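>>> everything below, folded, please.
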Amino acid sequence: MRLLVAILNKRLIPIWVSVVVVGLSQCVPGETNVSKLEELAQEPIENPTFVEHIAPILSKHCLGCHRPQGIAPFSLNSYALARKKAKTIAKVTAARIMPPWPADPNYSHFIGENLLSNAEIKTIQNWVINGTQEGSYAKKSSAFFAENNQLQVAAYKSAIGKPDLVISIAPIAIKGDGIDRFYLTKTHIKLPENAVIAAMEFVPGNKDLVHHANGHLILYPNGKKSSKHLENKTVNITPGQYAEDFKQLGLLNDDNSIPERIHSAVNYLPGVVGVRYPNDIGGIAVPKEFSLALVDLHFGPSDRNTTDSSVVNVFFRKSKPSRPTYEINLGTDGVGKITPPLVIPPNQITQHSVSYTIEKPITILTINPHLHLLGKSFTAFALKPNGDTVQLISIPKWNFRWQYFYTFKTAQVLPAGSTITAIAKFDNTNNNPFNPNKPPKQVSERWEDGGNSMRASDEMFQFIITYIPYQKGDEALNLESK
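Next comes the predicted model:
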């Protein structure tokens, strides 16, 4: 989860850097197919070969994860590797389990939609049925193959592109005692000169255990700084005691005042993919020396002793953009009242909603639905004052492991007085394979002492909206352009 309002005690939070990251593990997507127009525009290949027909599909849809040292459990960047997993590929693509894309494409569209057409799925089926033919490399395309007849993959791990800077977080040892753990980390950064950050991207080292991460940039302008700001440090924390923990981390100025902080500069949830907004949107100017503080670096329970060595990719731009971004967080720790309260009795499926009416017009860029392990489905829409409905997102089958930040291809404009509503269902029965409790027990968003919980075994209901204040012409703002 992303701790926004809880830390700052604010409703609307300005942020300057677009957020991101990469996903992991299995996924259960929505129960929808690609549009009929796309289906009719393509025909399956009856006798496909790997070189001519399967390699382009894998390159487009799969190699982002299924690559050497990638986040997937196996690589598919060669014929031998793909042939070994051919039946599995055919099975999970036919069931639309892979590639993962939880959002319903018949409800709304986003940048980076990773959906196989029915023709592509049938082509894969035909490849397996006809004996997984390799084909002739004389017919290979240099757009997909390297000289060694392996599929080309980028040398860096990023969903945005090649990073300008990679910040390595000090390794953290994780005990295998089945307990959630939370950390604060501080990493000092020294650049050759002042810079403007366009985007930051958290890449988990131990992708199976990193639940979430929230990162702040700590700035010490005008010579006012902490004598400890050069130290890299990691602190094991109890959530909720942030003032004391910040002191332990050495973030405060020497006079105990709070330094300038850029909140939510980078955030991570399982499955999030990166986005970089057009040049006049988002970004932050930083001095040549500053610190990155990861507040709430949360690891889920582990059954073995292990370590995490996560990194943060940084992308620069030449000039400071003119339009800063802001966030609205509906639900847990945010605005709007969850109705009924988020208390989920055992052996029940419950439905909850939260609404918020905006006072000024906004231009929505990115949205992030967030539930935990009991999540079953998620839907969000906006109702304009004139009665028109704007469909924001529908996730028919929630999966905790894939929680993208969804960026619209064209920004969504909402006039003042529009009401944003999110509706979520939760499954606290034995039929939910992700239920952490066997047998089910009552689950809520609260610790036993009443405070909001961030443990994966508790529950949350959030809808986070990244927006910019509306300007004339935003109805045509293309977020795919750079």
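
>>> how about the secondary structure of residue 54?
Assigned by DSSP: H, G, I helix; E, B strand; the rest coil, the conformation of residue 54 is helix.

>>> shouldn't it be in contact with residue 48?
Yes: assessed by Cβ atoms under 8 Å, residue 54 is found in contact with residue 48 at 6.1 Å. Quick note: C-beta positions are derived from backbone N, CA and C, even for glycine.

>>> so which bits of the helix or strand in which residue 123 is found are buried?
Using DSSP states H and E, residue 123 maps to helix 118-129. With burial defined by 16 or more other Cβ atoms under 10 Å, the residues of helix 118-129 counted as buried are 118, 119, 120, 121, 122, 123, 124, 125, 126, 127, 128.

>>> and for stretch 381-398?
381, 382, 383, 390, 392, 393, 394, 395, 396, 398.

>>> which two of these have the greatest separation?
383 and 398 (23.1 Å; Cβ to Cβ).

>>> about what we covered before: quick one: residues in contact with the helix holding residue 123.
33-34, 39, 42-50, 53-54, 57, 61, 86-87, 89-90, 93-94, 133 (Cβ atoms under 8 Å, 6 or more residues apart in numbering).

>>> and after it, which helix or strand comes next?
strand 165-168.

>>> ok so, going back, could I get the buried residues of helix 118-129 as TSV with distance to residue 426 and pLDDT?
As requested, the buried residues of helix 118-129 are exported to TSV (distance: Cβ to Cβ, whole Å; pLDDT from 0 to 100):
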residue	distance to residue 426	pLDDT
118	32	92
119	37	94
120	34	95
121	31	95
122	36	95
123	38	96
124	35	96
125	35	96
126	40	96
127	40	97
128	38	96
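
>>> now, which of these sits nearest residue 479?
residue 120 (25.6 Å).

>>> and the contacts of helix 118-129, which of them are buried?
The buried subset of the contacts of helix 118-129 - by 16+ other Cβ under 10 Å - is 33-34, 44-45, 48-50, 53-54, 57, 61, 86, 89-90, 93-94, 133.

>>> domains of the chain?
17-22+175-313, 36-139, 327-476 (automatic domain parsing).

>>> turn those domains into CSV, columns for distance to residue 164.
Below are the domains of the chain laid out as CSV (distance: least, Cβ to Cβ, whole Å):
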stretch, distance to residue 164
domain 17-22+175-313, 8
domain 36-139, 20
domain 327-476, 21
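
>>> which stretch in those is the model least sure about?
Out of the domains of the chain, domain 17-22+175-313 stands lowest, with a mean of 75 (criterion: mean pLDDT).

>>> how far does that one sit from the chain's center?
Mean-position distance between domain 17-22+175-313 and its chain equals 16 Å (Cα atoms, centre = their mean, to the nearest Å).

>>> and if you look at stretch 151-170?
Worked out by Cα atoms, centre = their mean, stretch 151-170 lies 16 Å from the chain centre.

>>> for it, which positions count as buried?
151, 153, 157, 158, 159, 160, 163, 167, 169.
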